[in-house]
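Peer 1: mind looking at a prediction? Sequence and model below.
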Amino acid sequence: MTTEAELDALLGKPLAPVADNGFSHRVVAKMTAEERAVVWFEWTAAAVLGVLVLVFAPWGRVATPLASIAFDLSLSVPLAFACAALALSHAGLRWLEA
Amino acid sequence: MSEAALLALATAGDAVAFEALVRQRQSPLRGFLRRLTRGDHALADDLAQETFIEAWRKIAQFRSEGTFAGWLARIAYRRYLMWARQRKLEPLEEEADIPDTTPPPDQRLDLEKAITKLSLPERAALTLCYAQDYTNEEAAEILGVPLGTLKSHVARGREKLRKLLEVAS
C-alpha cells in the first residue's frame, strides 16, 4: 500500500539533472543562423527591389522635376540648419558615449 | 552574474547572455519535457531547442512579475501541445486508461514508468507542483488552466499513481 507520505516523497524528488553536453551552444548557433537567414532575405529583397526600380522607373519623365527639387533643396537655409543640428547632436551623443 | 542581469542583457540583444541563461535553465526544462514526452529524449530536446529560440524572439515580451523559468515552461508546454495535436498522438484532456486491478509485485512500476500512464495534464501538473516546486497558482498559469482544474488534475493524477504503484502486501 502506498501511503500519502510515500507518494509525496516519490513525487517530490527533483528531476534527474540533464547534462548540457553542448545543448546551449547548439541553441545559440541555430538562433544566430536563423537570424542571419532573415537578414540575408531582407537584403536580397531590397537589392531585387532596387534593381527593379532602376530598370523599370520612368527616368526620362522624373529626371527634370528631380533636378529642379535638388537645386531648390541645395539653396534651402532651413534644410541647412536641420542638417547642421543633426550632425551636431550625433557628434554630441558620440562624445557623451565616449 | 544574476539571472536578472543576464535577462536585461539578453533583452538588449546580447546572445552571449542568452546562452548563459540557456545553460542555467536547460536542465529543468529538458527534464519537464522528458516527462511530457514520456521519456522521448530526442523529441524533448528538439522541443526544448524550439522553446529557447521562441523565448529569444519574444524576450522583450517577458514580464518580470512571473519567473523566467515559469515563462519558459509555459512556452514549452504550448509547444508540446501543438506537436501532440498535429499528430493526434494522445487525448489531451481525457483520462488515460488505467487498469482497475492492482499490478502484481513483479510488475511493479517505478515512478517514471507509472507517470507515463497518466494523461498529459496530469503528468504536467504533478511534475510542476511536486518535482519542480511551483505553487498551484504558478502551475495553473503555466498550463493555461483555472486553479480548480489544476487541482483536480493533481488529485486525479495522484490517485492513479497510487493505484499503479500499489503492490499486493
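Peer 2: That came through fine. Residues are numbered from 1 along each chain as shown, chains lettered A, B, ... in the order given.
Peer 1: quick one: B:Ala69 and B:Ile142, what's the gap?
Peer 2: Taking C-beta to C-beta, to the nearest Å as the measure, B:Ala69 falls 10 Å from B:Ile142. The way it works is simple: take the backbone N, C-alpha and C, and place the C-beta from them, glycine included.
Peer 1: more neighbours: those two, which one.
Peer 2: B:Ile142 (27 against 18; other C-beta atoms under 10 Å in any protein chain shown).
Peer 1: was I right to think the more buried one contacts B:Ile75?
Peer 2: No. B:Ile142 is beyond contact range of B:Ile75, at 9.4 Å (criterion: C-beta atoms under 8 Å).
Peer 1: alpha carbons of the worst-scoring helix or strand of chain B on mean pLDDT, as CSV, please.
Peer 2: When the helices and strands of chain B are scored by mean pLDDT, DSSP states H and E, helix B:111-115 comes last with a mean of 86. Output of helix B:111-115 as CSV, limited to C-alpha atoms (Å, rounded to 0.1, in the frame of the first residue of the first chain):
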residue,chain,number,x,y,z
LEU,B,111,7.6,6.2,-10.7
GLU,B,112,8.8,7.2,-14.1
LYS,B,113,7.1,4.3,-15.8
ALA,B,114,3.9,4.9,-13.8
ILE,B,115,3.9,8.6,-14.8
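Peer 1: how near is B:Arg162 to chain A?
Peer 2: Distance from B:Arg162 to chain A, counting by C-beta to the nearest C-beta, to the nearest Å: 5 Å.
Peer 1: do the same with B:Ala5
Peer 2: For B:Ala5 relative to chain A (C-beta to the nearest C-beta), the value is 18 Å.
Peer 1: list the contacts of that residue.
Peer 2: The neighbourhood of B:Ala5, defined by C-beta atoms under 8 Å, 6 or more residues apart in numbering or on different chains, consists of B:Ala17.
Peer 1: mind redoing it with 7 Å?
Peer 2: Taking C-beta atoms under 7 Å, 6 or more residues apart in numbering or on different chains, we find B:Ala5 in contact with no residue.
Peer 1: how far does the one helix or strand it maps to sit from the chain's center?
Peer 2: According to DSSP states H and E, B:Ala5 maps onto helix B:3-11. Helix B:3-11 sits 24 Å away from the centroid of its parent chain (C-alpha atoms, centre = their mean, to the nearest Å).
Peer 1: let me see the mean pLDDT of that helix.
Peer 2: When pLDDT is averaged over helix B:3-11, the result is 90.
Peer 1: list the buried residues in the least confident helix or strand of chain B.
Peer 2: Using 16 or more other C-beta atoms under 10 Å in any protein chain shown as the test for burial, helix B:111-115 gives B:111, B:114-115.
Peer 1: please apply the same query to stretch B:156-169.
Peer 2: Buried, per 16+ other C-beta under 10 Å, within stretch B:156-169: B:156-158, B:160-165.
Peer 1: which one of those residues is nearest B:Asp46?
Peer 2: Top of the list for closeness to B:Asp46, among the buried residues of stretch B:156-169 and by C-beta to C-beta, is B:Gly157 at 25.5 Å.
Peer 1: neighbouring contacts of stretch B:138-147?
Peer 2: With contacts defined as C-beta under 7 Å, 6+ apart, stretch B:138-147 is touched by B:70, B:73-74, B:77, B:121, B:124-125, B:128-129, B:134, B:136-137, B:150.
Peer 1: can you rerun that using 8 Å?
Peer 2: B:66-67, B:70, B:73-74, B:77-78, B:121, B:124-125, B:128-129, B:134, B:136-137, B:149-150, B:153.
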